[in-house]
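Novice: Provided below for reference: sequence and predicted model.
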Amino acid sequence: MKNQPSNFKLALKGMAMGIAEVIPGVSGGTIAFITGIYEKLINTIKAFSPALILVFKKAGVKGVWTTINGNFLTTLLIGMAAGVVLGVFGVTHILETYPQLLWAFFFGLIIASSIYIGKQVEKWDIVAIISLILGIAVAYYITVASPAQGNEALWFVFISGMIAISALILPGISGSFILLLMGMYTFIIPTVKSALSTFDTQSLIIVGVFGMGCLVGLATFSRVLSWTFKNYRNPTLALLTGFMIGSLNKLWPWRNVLEYRENSKGDMVPFLEQSVMPSSFEGEAMVIGAIISMIFGFIIVFGLEKLDTSEHE
């Protein structure tokens, strides 16, 4: 009973991560970082390796469960699953109806998050500054890169899962936006929605292959991040801060669509966009509402940070 409040908070963190990952431009890794579970999550994922076979032989299922931090991971994944469902069916509707307000909310949230992560850098030496600039440049380039056409073959779906999940655990780089750049967002998201709604066999196969790619990507990239945090903590934090700052271009609330394309369902969706000032925005700018949303996004970071209290055990 004592752990129930802690588990509930952890599930909420997972839900926030799941919602964030459905929206192009927002990273679940950002939510993990500002709620204080980022490094714990990376090390938990890293625990999945062939070494678990030896652990099982020595300590059985209980030993494996302890090694992979099973209680933490299960609770977080349940929350993330709920968040993904809520994001696919709820947040995407808001994105279609009030896009400026939603983008503004996340714009404010990412600004506050970049400040929060930047404060974790203990010493801003030349290496940290170069890492910050590199992170900004890479993330900004990703936001202005032209999306690819995409490929619905299962092998490419698998590769997409590997790459997108790697972006999930990088604050500032969105897995959904990586899918968008690969030309796969408008294929994967409707397929997930179809699998959840109709349990269509083809959709379930695609989601399964995508999930396998995600598992392989997680197992590989988590080890890289764990090593960099252990050996180069300050430059890594500076790089992640840069990623978040550089991603702000993608979250700017006022973007005019330069080009549309047809997705696999036959719908016309934005292909290329350009950030503009509210006065040049083609549509209802909703400036006051957007400013309020930005402020709310900025403030909510401190609320998410307070959820960290149960994670320092």
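Specialist: In hand now; what should we look at? Numbering: from 1, shown residues only.

Novice: drop to CA atoms for contacts and neighbour counts, all remaining ones
Specialist: OK.

Novice: Tell me where the stretch 201-313 of the chain has strands.
Specialist: 255-262, 268-275 (DSSP state E, counting those that start in this stretch).

Novice: Now do the same contact list for residue 137.
Specialist: By C-alpha atoms under 8 Å, 6 or more residues apart in numbering, residue 137 lies in contact with 242, 246.

Novice: Residue 206 and residue 19: what is the separation?
Specialist: 21 Å (C-alpha to C-alpha, to the nearest Å).

Novice: Between the two, which has more neighbouring residues?
Specialist: residue 19 (26 against 21; other C-alpha atoms under 10 Å).

Novice: Check the offset of whichever strand or helix holds that one from the chain's centre.
Specialist: Assigned by DSSP states H and E, residue 19 falls within helix 4-22. When distances are taken as C-alpha atoms, centre = their mean, to the nearest Å, helix 4-22 is centred 13 Å away from the chain's centroid.

Novice: Residue 43 contacts residue 222, doesn't it?
Specialist: Yes. With contacts counted by C-alpha atoms under 8 Å, residue 43 reaches residue 222, the gap being 7.2 Å.

Novice: show me where the stretch 51-200 of the chain has helices.
Specialist: Using DSSP state H, counting those that start in this stretch, the helices of the stretch 51-200 of the chain run over 51-67, 70-86, 92-97, 99-118, 126-144, 154-168, 175-181, 185-198.

Novice: between those helices, which gets nearest to residue 236?
Specialist: Residue 236 lies closest to helix 126-144 among the helices of the stretch 51-200 of the chain, at 7.4 Å (C-alpha to C-alpha).

Novice: would you put the C-alpha positions of the closest one in CSV?
Specialist: Coordinates of each C-alpha in helix 126-144 appear next as CSV, following Å, rounded to 0.1, in the frame of the first residue of the first chain:
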residue,chain,number,x,y,z
ILE,A,126,34.6,25.0,-23.9
VAL,A,127,33.7,21.4,-24.5
ALA,A,128,30.2,21.9,-23.0
ILE,A,129,29.7,25.1,-25.1
ILE,A,130,30.7,23.3,-28.3
SER,A,131,28.4,20.4,-27.4
LEU,A,132,25.6,22.9,-26.9
ILE,A,133,26.2,24.6,-30.2
LEU,A,134,26.4,21.2,-32.0
GLY,A,135,23.1,20.1,-30.4
ILE,A,136,21.4,23.3,-31.5
ALA,A,137,22.7,22.9,-35.1
VAL,A,138,21.8,19.2,-35.4
ALA,A,139,18.3,19.7,-34.0
TYR,A,140,17.6,22.8,-36.1
TYR,A,141,18.7,21.1,-39.2
ILE,A,142,16.3,18.2,-38.5
THR,A,143,13.5,20.7,-38.2
VAL,A,144,14.1,22.3,-41.6
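
Novice: what angle do it and helix 99-118 make?
Specialist: Relative orientation of helix 126-144 versus helix 99-118 (axes from the mean of the first three to the mean of the last three C-alpha atoms, to 10 degrees): 170 degrees.

Novice: List the buried residues in helix 126-144.
Specialist: By neighbour count on 16 or more other C-alpha atoms under 10 Å, the buried set for helix 126-144 is 128-140, 142-144.

Novice: One more: stretch 64-81?
Specialist: Here stretch 64-81 shows 64-65, 68-69, 72-81 as buried, counting by 16+ other C-alpha under 10 Å.

Novice: Same check on stretch 224-234?
Specialist: 225-226, 229, 233-234.

Novice: before we move on, the earlier item: tabulate the helices of the stretch 51-200 of the chain (CSV), appending distance to residue 290.
Specialist: As requested, the helices of the stretch 51-200 of the chain are exported to CSV (distance: least, C-alpha to C-alpha, whole Å):
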stretch, distance to residue 290
helix 51-67, 45
helix 70-86, 22
helix 92-97, 13
helix 99-118, 5
helix 126-144, 21
helix 154-168, 26
helix 175-181, 21
helix 185-198, 25
